[in-house]
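Novice: this one's structure only:
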């Protein structure tokens with residue numbers, strides 16, 4: 001179950017965001033087209049984002065980015081699970097209407 005955060009929230013940094021509180025995964029597309037996947041995100045943080053309609057997406061993602069560590073990809077794309085808040089670059093697009101990956 002991925003929940004896409006509705007567009008009425010305006011952000012100069014974040015174009016689109018999908019969250020999944022069950023798997024603790026957040027996918028973010030920035031306005032420059034770069035897409036990142038955050039894993040091991042606190043469920044409380046995700047629920048707080050879903051409940052508070054006036055929360056700034058840019059500040060929320062900035063807080064995640066400051067605390068996250070980069071996922072280390074090894075041979076054949078296998079990554080080591082750390083149990084900590086991690087981020088990974090997943091791609092780039094110039095299409096603002098393209099769906100985020102699940």
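Specialist: Received, thanks. Fair warning: this is a prediction, and the values are worked out from it, not measured in the lab. Residues are numbered from 1 along each chain as shown.
Novice: tell me the SS of residue 35?
Specialist: The three-state assignment at residue 35 reads strand, by DSSP: H, G, I helix; E, B strand; the rest coil.
Novice: again, but for residue 58
Specialist: From three-state DSSP, the assignment for residue 58 is helix.
Novice: what about it, neighbour count?
Specialist: 16 (other Cβ atoms under 10 Å). To be clear about C-beta, it is placed using only N, CA and C from the backbone, and glycine gets the same treatment.
Novice: show me the contacts for the nearest residue to it once chain neighbours are set aside.
Specialist: Closest residue to residue 58 apart from its sequence neighbours, by Cβ to Cβ, 6 or more residues apart in numbering: residue 13 at 3.9 Å. Contacts for residue 13 (Cβ atoms under 8 Å, 6 or more residues apart in numbering) come out as 30-31, 57-58, 61-62.
Novice: swap the cut-off to 10 Å and go again
Specialist: By Cβ atoms under 10 Å, 6 or more residues apart in numbering, the residues touching residue 13 are 28, 30-32, 56-59, 61-62.
Novice: what's the answer for residue 94, then?
Specialist: 32-33.
Novice: could you do residue 84 as well?
Specialist: Residue 84 neighbours (Cβ under 10 Å, 6+ apart): 39-40, 67-69, 71.
Novice: work out for me the element the closest residue to residue 56 other than its chain neighbours sits within.
Specialist: Spatially, and ignoring its direct neighbours in sequence, residue 56 is nearest to residue 11 (6.7 Å; Cβ to Cβ, 6+ apart). Under DSSP states H and E, no helix or strand contains residue 11.
Novice: show me the strands in the protein, by range?
Specialist: Using DSSP state E, the strands found in the chain span residues 3-4, 14-20, 25-30, 34-39, 69-70, 86-92.
Novice: looking at those strands, which is nearest to residue 47?
Specialist: Relative to residue 47, the nearest member of these by Cβ to Cβ is strand 14-20, separated by 9.1 Å.
Novice: off-centre distance for the closest one?
Specialist: When distances are taken as Cα atoms, centre = their mean, to the nearest Å, strand 14-20 is centred 6 Å away from the chain's centroid.
Novice: what's the answer for stretch 94-101, then?
Specialist: Worked out by Cα atoms, centre = their mean, stretch 94-101 lies 14 Å from the chain centre.
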